[in-house]
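Asks: The following block contains a protein sequence and its predicted model.
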Amino acid sequence: MKILVVDDSIVYRTQIVKFLRASLPEAEFVTAGDGVAGLAKYLEEKPDVTLLDLLMPGMNGQEVLKKIKEANPEARVIVLTADIQKFIEAEVRELGAWTFLHKPITREKAEQVAQLIKGA
């Protein structure tokens with residue numbers, strides 16, 4: 001299983017991978033630090049699941065999500081963000097996000113994500 005983590009914060013990227021690796025040791029992790037690189041990695045790597053931040057420089061998460069879903073309508077994208085506005089959550093769900101999680105990412109949230117991935 002391949003998991004792509006797209007977040008402009010290296011701290012969050014590292015933390016998410018660390019937490020998920022504990023529950024998904026067989027997974028291969030690929031990371032990107034912005035939306036443009038994230039979309040390129042998605043198209044190149046074709047991950048099973050993508051964890052995507054919304055607030056990033058250049059191409060934001062909504063734009064990346066839209067382009068990922070255009071390339072693969074079945075793509076499983078989990079949106080991670082510190083933005084807690086309800087309309088943002090509704091927007092990304094409408095764009096096709098698999099699920100939506102609020103930052104900060106804790107071990108418990110990572111375990112929930114791992115269980116969701118395992119159950120898919």
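Replies: It's in.
Asks: doesn't Leu51 make contact with Thr81?
Replies: No - counting by Cβ atoms under 8 Å, Thr81 stays clear of Leu51, with 10.7 Å between them. All C-beta atoms are positioned from the backbone trio N, CA, C, and that covers glycine.
Asks: Who has more neighbours out of the two?
Replies: Counted by other Cβ atoms under 10 Å, Thr81 and Leu51 do not tie: Leu51 has more neighbours, with 29 against 20.
Asks: what secondary structure does the residue nearest the centre of the chain sit in?
Replies: Nearest to the centroid of the C-alpha atoms of the chain, with distances taken as Cα atoms, centre = their mean, sits Leu51, at 1.1 Å. Following DSSP: H, G, I helix; E, B strand; the rest coil, Leu51 is assigned to strand.
Asks: wait, isn't it in contact with Gln15?
Replies: No - with contact defined as Cβ under 8 Å, Leu51 does not count as touching Gln15 (11.3 Å).
Asks: Just give me the neighbour total for Ala82.
Replies: Residue neighbour count, defined by other Cβ under 10 Å, stands at 12 for Ala82.
Asks: How many residues are close by the closest residue to it other than its chain neighbours?
Replies: Excluding the flanking residues, the one nearest Ala82 by Cβ to Cβ, 6 or more residues apart in numbering is Lys103, at 4.4 Å. As a burial measure, Lys103 scores 19 neighbours (other Cβ under 10 Å).
Asks: Can you name the residues that contact Lys103?
Replies: With contacts defined as Cβ atoms under 8 Å, 6 or more residues apart in numbering, the neighbours of Lys103 are 12, 80-82.
Asks: Repeat the analysis, applying 7 Å as the threshold.
Replies: Each residue near Lys103 by Cβ atoms under 7 Å, 6 or more residues apart in numbering is listed here: 80-82.
Asks: Can you tell me how far it is from Val79?
Replies: Here Lys103 is placed at a distance of 10 Å from Val79 (Cβ to Cβ, to the nearest Å).
Asks: And for Leu52?
Replies: Distance, Leu52 to Val79, using Cβ to Cβ: 5 Å.
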